[in-house]
Every structure is written in structure tokens, then in C-alpha cells.
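Visitor: can't give you the sequence, but here's the structure:
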């Protein structure tokens, strides 16, 4: 029989590993369920242990029961923290993706489709996303929240580059056709493999989205 | 920003500096302090950001006005203004992002007392409250809702406090703005020294905080 907290430990290990990954690994639906179940079972144990005492339990009179209760109590809380840590690490990662302006829901679908073990992620069949349905909701809501907050800074793009600006103009190479963009020096047609000397502010979004590559 | 700028900032003739420049200096200072301090500092209360936003808006209008002009002289001025504009925007962006990342990391802590809430701007407060609600909801729908009801809170403080707080003991560099006594707690013993103006000292934020707050020192 597995020890208390084994499952929770696995979750934390998943979370730890995730921090160094560029992409988001599939959501551990089964593991989360197992840990939650363990908590519920422990809670039932506690209730049934306490039942014969009718609310008048004296820890010093029955030390072995008191010890069991304490271990159960601590295991429940530990499991809860493991779950919180796992989910928080994932939402942090998701938020980072939202800030970077990538289309998270799209991205997750692609990754899971490309990966061999993507199918384990979705217990509900059909869609093979590495996000749980709850996480997809969360991403959508956080995206709205961020957009609302950003909207209050009318002149500044908060999701812009955090590198201090050096030059107003930069050399860029076009990696993917991006069509025509309007700048104050007229329109530029961004066709693949061409190179331009443009104002950084005009093309920042395109660099972030991977259409352009900054040179030099 | 070099040493001269900093010395100028603390100069008594400081108020002779034009408003635009003072905005920039205040902004730069707030930015440096926010990025160095381990905890969230109060949002500037004197309307600094309204002024900065206004001046950014004015600059953008000016750029638009000048763009039509083909005179090479205007063109050069345009580039200078645009470069300045980009730098201004960068400072604001970096400052706001530094704050948001601190708020995100310890949301519950900053929402827990009125004194801490007062450090946030209205916008940030709205953001933090909503963000926390979203997170809580996410936890609830992911697993907390099937927990025993006594365990559904996420701000338990029975036993171990579940609310993480920033580490106030981490080290910061400060520059002294006037001669003052600097006291710091060490691992083995506490130390004190007579600091001179423009000395740079490294010590724990918890010890440096009062010096920074009463204007005897600034973060670098």
C-alpha cells in the first residue's frame, strides 16, 4: 500500500520539472484525482475514529488514537499544499504565456497533437489538450483580466519588450510572410527572407509572434 | 543615469529643474527602487504617473505633427524625440511590470491588511482582487470543491500560515543621501557604523527600510 503523501510528492515533482520546460506538460488528471481522494478518505477516517468519543475525545487518555489523528490531519494539509503548489506552478506558466501574447489554447492543442503521449491528458476524450478544461477557462479569464488592465494604459504596451531600448531603428529579417504593414514612413511589404531597417516600435509585436527576426 | 544625476537629485537647487526633467528623475528613481526592493513599495501618491502619461501623450502628438514635415532638420529632431519617447515608455512599462510580478507572487499578502492594500494603485487593487478570485475559482473547480469543507480555504493560518510573504531579510544596496548612523543585524552580531553621504552600503532590506523611508538613503 502506498504511503500517505506519495501521490502528493509525485505532483510536486511534476511541478518542479515543469519549471524548466519551455512548454506545458499534460495536466495530471489522474494524479490530482488520486490525491484529492486520499484527502477525502483521510477525512472519513478521522470522522470514524472520532465517532465513538461523541465529541469528548481526550488526547492524553488515548495516545495512539491521538497520534493517528495527528498524522491524518497533517497528511491532509500536506496533500492540499501539494495540490496548490502544482496548480499554482501551472497557472504561473500559463500567465507567462498569456503575457507573451501567445495563443495558449491554440498552442496547447498543437503540442498535445504532436507529442506521443498527448492522449493521456484528456480524460474526456475528443480534444487532446495538455490543459485541463478548468485551466482553459482560467486562461480565457486571465486573458480578459490582463486585457482590461492593459487597456487602462492607453499609450504604453505593457506586454512590450522588457529589454531597454537602444536603437530606434533595427535590422530585421522576415521569417514568415506577414503581409503589408503601415509605418509612418509608408507601407512595407513583409515577404519571406527579405530584410528591412525599421522602427523597433512598429515591429515589436511581429518579432514576438515570430514573423520577424531581429538582426545584429 | 550616473553619479552626477543622483547628486543633482539631492541638490537643494533641485527645484530649479524643469518639470519634465523632474518627472523623469522621479520616475527613474521609483523604477530603480521598485526593482531593487524585495517587497512592493507604495504607489507614488503625488500624481507622478498622471504627469508622465500626459507628457507621453504630448510627445506622441508632437511626433505625429512633425512626421509630415520633410525638412531634414525636423527629421533629426523627430528621431531624438522618438528615442526619448521609447525610453520613457520602457521605464513605465518596466516599473509597472515589476510591481505586477510582485503583486502576483504574494497577492493574498498584499490584500490582507489595509496598510498593505494602500500601497497599491486603484488599478492594481482591482487587478489583484480579480486575479485572486480567478485563482481561487480555478483551485475550487480543479480540486478544492471535493475537499472536506473545513479544508477549502486558501488562507489557513492554523498551524502553518499558508499565506506566503516576501522575504524582508534579503540584501539590498543603498546609497546614503546624508550622514547618518547605519545599523544592521548580522548573523553572529549586530553592527552599526557612522555612514557618510554618498556611501554605498549593503544590508538587509528590513534594516534599510527606515532609512529609505525617511529619505536618508535610496536604493541603487
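Guide: Right, received. Where do you want to start? Remember, it's a predicted structure, so these values are computed and weren't measured experimentally. Numbers count the residues shown, from 1 in each chain, chains lettered A, B, ... in the order given.
Visitor: longest helix in chain B, please.
Guide: Determined from DSSP state H, the single longest helix within chain B is helix B:72-105.
Visitor: any part of that helix near chain A?
Guide: Yes. Counting by C-beta under 8 Å from any C-beta of the partner chain, chain A is contacted by helix B:72-105 at B:79, B:82-83, B:86-87, B:89-90, B:92-94, B:96-97, B:104. C-betas here are computed from N, CA, C, even on glycine.
Visitor: quick one: buried ones out of those residues?
Guide: Using 16 or more other C-beta atoms under 10 Å in any protein chain shown as the burial test, the residues of helix B:72-105 next to chain A include B:82, B:86-87, B:89-90, B:92-94, B:96-97, B:104 as buried.
Visitor: ok, for the residue nearest in space to the middle of chain B, nearest residue in space, not its chain neighbours?
Guide: The centroid of chain B falls nearest to residue B:34 when counting by C-alpha atoms, centre = their mean (2.8 Å). Leaving aside its sequence neighbours, residue B:34 sits nearest to residue B:98 (C-beta to C-beta, 6 or more residues apart in numbering or on different chains; 5.0 Å).
Visitor: can you list the buried residues in stretch A:180-196?
Guide: For stretch A:180-196, burial by neighbour count (16+ other C-beta under 10 Å) applies to A:181, A:188, A:190, A:196.
Visitor: specify the local secondary structure of the second one.
Guide: Judged by DSSP: H, G, I helix; E, B strand; the rest coil, the three-state class of residue A:188 is strand.
Visitor: near the closest residue to residue B:130 other than its chain neighbours, how many other residues are there?
Guide: Closest residue to residue B:130 apart from its sequence neighbours, by C-beta to C-beta, 6+ apart: residue A:145 at 5.4 Å. If you count neighbours by other C-beta atoms under 10 Å in any protein chain shown, residue A:145 ends up with 18.
Visitor: residue B:129 is in contact with residue A:145, correct?
Guide: No. Here residue A:145 lies out of contact with residue B:129, judged by C-beta atoms under 8 Å, at a distance of 10.3 Å.
Visitor: which stretches of chain A form strands?
Guide: Secondary structure of chain A, counting by DSSP state E: strands at A:169-174, A:179-183, A:186-190, A:195-199, A:212-214.
Visitor: tell me the contacts of residue A:169?
Guide: By C-beta atoms under 8 Å, 6 or more residues apart in numbering or on different chains, residue A:169 lies in contact with A:197-200.
Visitor: what do you get for residue B:126?
Guide: residue A:149.
Visitor: now what about stretch A:62-72, what contacts it?
Guide: A:4, A:42, A:45-46, A:49-50, A:57, A:59-60.
Visitor: can you classify the residue nearest to the centre of chain B by secondary structure?
Guide: Per three-state DSSP, the local secondary structure of residue B:34 is helix.
Visitor: picking up where we left off before, which residue in the contacts of stretch A:62-72 has the weakest pLDDT?
Guide: By pLDDT, residue A:4 ranks lowest within these, coming in at 70.
Visitor: burial count for it?
Guide: Residue neighbour count, defined by other C-beta under 10 Å, stands at 18 for residue A:4.
Visitor: before we move on, what about residue A:170?
Guide: By the criterion of other C-beta under 10 Å, residue A:170 has 21 neighbours.
Visitor: that one pairs with what?
Guide: Beta-bridge pairing for residue A:170 (DSSP bridges): residue A:198.
Visitor: all helices for chain B, in order.
Guide: Assigned by DSSP H, the helices in chain B fall at B:3-9, B:19-36, B:48-67, B:72-105, B:107-112, B:114-117, B:122-142, B:205-213.
Visitor: averaging pLDDT over each of the ones you listed, which comes out lowest?
Guide: The weakest mean pLDDT among the helices of chain B belongs to helix B:3-9, with a mean of 62.
Visitor: in a markdown table: the contacts of residue A:169, plus neighbour count and pLDDT.
Guide: Formatted as a markdown table, these follow (neighbours: other C-beta atoms under 10 Å in any protein chain shown; pLDDT from 0 to 100):
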| residue | neighbour count | pLDDT |
| --- | --- | --- |
| A:197 | 9 | 83 |
| A:198 | 20 | 81 |
| A:199 | 17 | 79 |
| A:200 | 20 | 78 |
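Visitor: now residue B:207: how far from residue B:41?
Guide: Residue B:207 is 16 Å from residue B:41, where distance means C-beta to C-beta, to the nearest Å.
Visitor: now swap in residue A:37 and tell me
Guide: 44 Å.
Visitor: give me the more crowded residue out of the two.
Guide: residue B:41 (18 against 13).
Visitor: for the more buried one, grab phi and psi.
Guide: Dihedral angles of residue B:41 (phi, psi; degrees, to the nearest 10) stand at phi -90, psi 160.
Visitor: average pLDDT across stretch A:72-85?
Guide: Stretch A:72-85 comes out at a mean pLDDT of 84.
Visitor: which parts of chain A are helices?
Guide: Counting by DSSP H, the helices of chain A are A:6-18, A:29-50, A:63-99, A:104-114, A:133-151, A:200-208.
Visitor: pLDDT below threshold where in chain A?
Guide: The model of chain A has pLDDT under 70 over residues A:1-3, A:55, A:102-129, A:184-185, A:216.
Visitor: show me it divided up by domain.
Guide: Per the record, chain A has its domains at A:6-150, A:169-214, by automatic domain parsing.
Visitor: out of these, the one nearest residue B:203 is which?
Guide: domain A:6-150 (30.5 Å; C-beta to C-beta).
Visitor: need the max-distance pair from the contacts of stretch A:62-72.
Guide: A:4 and A:60 (24.4 Å).
Visitor: and the residue lying closest to residue B:39 once chain neighbours are set aside, what does it touch?
Guide: Leaving aside its sequence neighbours, residue B:39 sits nearest to residue B:166 (C-beta to C-beta, 6+ apart; 4.2 Å). The contact partners of residue B:166, taken as C-beta under 8 Å, 6+ apart, are B:38-40, B:102, B:105-106, B:109.
Visitor: turn those residues into TSV, including neighbour count.
Guide: Output for the contacts of residue B:166, formatted as TSV (neighbours: other C-beta atoms under 10 Å in any protein chain shown):
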residue	neighbour count
B:38	16
B:39	18
B:40	22
B:102	21
B:105	13
B:106	18
B:109	19
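Visitor: ends of stretch B:190-203, how far apart?
Guide: Distance between the two ends of stretch B:190-203: 11 Å, counting by C-alpha to C-alpha, to the nearest Å.
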